[in-house]
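Peer 1: everything below, folded, please.
(one chain, ligands or ions: 1)
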Amino acid sequence: MKIKALFISDVHLGSKGSQAKELLSILKKYKPKELFIVGDFIDGWLLKRRNYWTQDYINVLRKVLSYSKNGTKITYITGNHDDFLRDYSPFEFGENIQIVDEIIWNDYLITHGDLYDGVVKLKWLGKLGAWGYELAIGIDIFLRKFGFKFSLSSFLKQKVKRAVSFITAYENQLAYQAQLNGCIGVICGHIHKPENKFVVVKNKKIHYINCGDWIEHNSYIIDDGNGLHLHK
Ligand SMILES: [Mn+2]
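Peer 2: This is a model prediction of the structure:
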C-alpha cells in the first residue's frame, strides 16, 4: 500500500522482547515515501552487555535498506537506547538516509522524547497491574499478623499514581516542546504507550501522537494523505 509516511519507534533490536518478525510484515505491507524511525530502534544498552542478534533483526535491517534503495527517504531519530548515534548526528548516508536527534516535519516536532522526560523514570510501575496489587494486599495481611506497620499495597498504589502522573507530565511536556517550536503537534515514542490525542498548551490544541513500541503494542503511525493515524 502506498502511503506518505510511516512512523515507528522503540523497536529495541537486540532485546529478546523485540517483535521484529511482526514489524517486518508491516514494513512489507506499506510503501511509504518517507520512513521515520523515532528512536530506540537498536538497543545499544543491551548489545553492550551481551551479543544477541537474530535473523529477524537482520531481515528488518535489510527491509529498511531496500526501502532506501527503492526511493523511500529514511529519517532515523536517535533515542536514549541508541544514543551512541548521537556522537555522529546529524549525519547523512548517501541520498536518502539521515540520522538526526530531532526534526520538524510538516509542522510536527518529531523527537524520541527522552530529552524531555525529566528525572523521574517510573515506567515499570505503570505495568504493575491488578494482579500485583492483589498480591501486595495478601502480603500486607501477612505483615500485619506479625505486627508490621508498613503497607505494601498503599505504597504501591502511591507509586502507580505517580507513574500515571509521570505519563501525563510527559505528554504535557512533549506538547509544550512542540508549541515552543511553533509546531501544531509532536510525534514521539520512548514511554511505550501508543497515543493519539490533543493536549491543550496555553489555550492551544497540540496534537500529541506517540508511536508506541514493538515489544508490547506493535503499534505504528501512518500518514495516508488524510492525516496521521495510529495503528495498534
Ligand atoms: Mn527511549
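Peer 1: hmm, residue 4 and residue 225 touching each other?
Peer 2: Yes - the criterion here is Cβ atoms under 8 Å, and residue 225 meets it with residue 4 at 5.4 Å. C-beta: built from backbone N, CA, C; applies to glycine.
Peer 1: more crowded one of those two?
Peer 2: With neighbours defined as other Cβ atoms under 10 Å, residue 225 and residue 4 compare such that residue 4 has more, 15 against 10.
Peer 1: and the more buried one, that's in a strand?
Peer 2: Yes - counting by DSSP: H, G, I helix; E, B strand; the rest coil, residue 4 falls inside a strand.
Peer 1: how about the nearest residue to it, chain neighbours excluded?
Peer 2: Nearest non-adjacent residue to residue 4, counting by Cβ to Cβ, 6 or more residues apart in numbering: residue 223, 4.2 Å away.
Peer 1: now do the contacts for the one you found.
Peer 2: 3-7, 229 (Cβ atoms under 8 Å, 6 or more residues apart in numbering).
Peer 1: in this protein, which residue sits closest to the ion?
Peer 2: residue 190 (3.9 Å; Cβ to the ion).
Peer 1: for that residue, the count of nearby residues, please.
Peer 2: 26.
Peer 1: for it, which non-adjacent residue is spatially closest?
Peer 2: According to Cβ to Cβ, 6+ apart, the nearest residue to residue 190 is residue 113 (3.5 Å).
Peer 1: state the number of residues packed around the one you found.
Peer 2: Residue 113, neighbours per other Cβ under 10 Å, totals 28.
Peer 1: ok, the residue lying closest to residue 114 once chain neighbours are set aside - contacts?
Peer 2: Nearest residue to residue 114, sequence neighbours excluded (Cβ to Cβ, 6+ apart): residue 80, at 3.9 Å. Neighbouring residues of residue 80 by Cβ under 8 Å, 6+ apart: 39-40, 112, 114, 190.
Peer 1: for residue 171, same thing?
Peer 2: Residue 171 neighbours (Cβ under 8 Å, 6+ apart): 195, 197, 199, 208, 210.
Peer 1: thought residue 67 was touching residue 35?
Peer 2: Yes - counting by Cβ under 8 Å, residue 67 does reach residue 35; the two are 5.7 Å apart.
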